[in-house]
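Student: sequence and predicted model, in that order:
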Amino acid sequence: SAVISQKPSRDICQRGTSLTIQCQVDSQVTMMFWYRQQPGQSLTLIATANQGSEATYESGFVIDKFPISRPNLTFSTLTVSNMSPEDSSIYLCSVEGDDRTQYFGPGTRLLVL
Amino acid sequence: GDSVTQMEGPVTLSEEAFLTINCTYTATGYPSLFWYVQYPGEGLQLLLKATKADDKGSNKGFEATYRKETTSFHLEKGSVQVSDSAVYFCALRVNQAGTALIFGKGTTLSVSS
């Protein structure tokens, strides 16, 4: 398994500002994933982040709005840019372990006013 | 495309009742199947998984069997507890390294004493 931490755990932000979410893993992993969970909804994949290459974004998500960094095999950041109330969600980082199971961080709860 | 369909919730049960949460999937090839649980205010935890047809995943009294012929992976527990109250997500992953999960919409379970 993998132990994943995220910072911040929650935040309240003003519209028009940006927030960077950090994801730290206790072991080296190749693939990291960022998901969004809107209130009362399921998880939607935002992008896949591979170390040393550009992130791959899903339909409906763009790099200008959700820039991602992956500087090494244990860390990634997701920035939510120019936020609006519609960005209020839980943002979750996950990794694929050696057993090919995905493990999730505790999530970052974002409220945009 | 690949997809997961879960029974609509919420599911409300009394303690010690039998639980079934239905999950069916559509996928090309032979996906791996998962059940994740999200307790209030927390991230997702892997509950159980199955990687090939007829496999049975089990954990904490929960079970699910990978049925290829009916494309199903129903979650069952013989006697639920109040502490099982959570949101349960069925998910699949096509069997390719580094592929993200596809989630169902989630089923909320509420158990009363």
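Tutor: Now that the structure is in, tell me what you want to look at.
Student: specify the beta-bridge partners of B:Ala91.
Tutor: Under DSSP bridges, the beta-bridge partners of B:Ala91 are B:Phe34, B:Phe103.
Student: can you tell me how far it is from B:Thr26?
Tutor: Applying C-beta to C-beta, to the nearest Å, the value for B:Ala91 to B:Thr26 is 13 Å. C-beta: built from backbone N, CA, C; applies to glycine.
Student: anything in contact with each of those two?
Tutor: B:Val4 (C-beta atoms under 8 Å, 6 or more residues apart in numbering or on different chains).
Student: so how far is B:Lys68 from the most centrally placed residue in chain A?
Tutor: For chain A, A:Trp34 is the residue whose C-alpha lies nearest the centre (C-alpha atoms, centre = their mean; 3.6 Å). Per C-beta to C-beta, A:Trp34 is found 31 Å from B:Lys68.
Student: now swap in B:Ala86 and tell me
Tutor: For B:Ala86 relative to B:Lys68 (C-beta to C-beta), the value is 28 Å.
Student: between those two, who's got more neighbours?
Tutor: B:Ala86 (20 against 10; other C-beta atoms under 10 Å in any protein chain shown).
Student: how about that one, phi and psi?
Tutor: phi -180, psi -180 (degrees, to the nearest 10).
Student: now it, which residues is it bridged with?
Tutor: B:Leu109.
Student: correct me if wrong, but B:Ser83 is in a strand.
Tutor: No. Counting by DSSP: H, G, I helix; E, B strand; the rest coil, B:Ser83 falls outside a strand, being helix.
Student: and the residue of chain A positioned farthest from its centre, helix, strand or coil?
Tutor: For chain A, the residue at maximal distance from the C-alpha centroid (C-alpha atoms, centre = their mean) is A:Asp99, at 21.5 Å. Here A:Asp99 takes the coil state, with states given by three-state DSSP.
Student: now for it: which residues touch it?
Tutor: With C-beta under 8 Å, 6+ apart, A:Asp99 has these contacts: A:Ser1.
Student: distance check, it against B:Ser72.
Tutor: Counting by C-beta to C-beta, the gap from A:Asp99 to B:Ser72 is 23 Å.
Student: got it, and B:Thr24?
Tutor: 5 Å.
Student: same question for A:Gln51.
Tutor: 37 Å.
Student: got the contact list for stretch B:80-87?
Tutor: Outside stretch B:80-87, the residues touching it (C-beta under 8 Å, 6+ apart) are B:13, B:15-19, B:37-40, B:77, B:106-113.
Student: where in chain A is pLDDT low?
Tutor: Nowhere does chain A drop to pLDDT under 70.
Student: swap the cut-off to 80 and go again
Tutor: A:1 (pLDDT under 80).
Student: quick one: name the residues of it near chain B.
Tutor: A:30-31, A:33, A:41-43, A:45, A:48, A:50, A:92, A:94, A:96, A:100-107 (C-beta under 8 Å from any C-beta of the partner chain).
Student: buried subset of the residues you listed?
Tutor: For the residues of chain A next to chain B, a burial check counting by 16 or more other C-beta atoms under 10 Å in any protein chain shown picks out A:31, A:33, A:42-43, A:45, A:48, A:92, A:94, A:96, A:101-107.
Student: which ones among those residues map onto strands?
Tutor: A:31, A:33, A:43, A:45, A:48, A:92, A:94, A:96, A:102-104 (DSSP state E).
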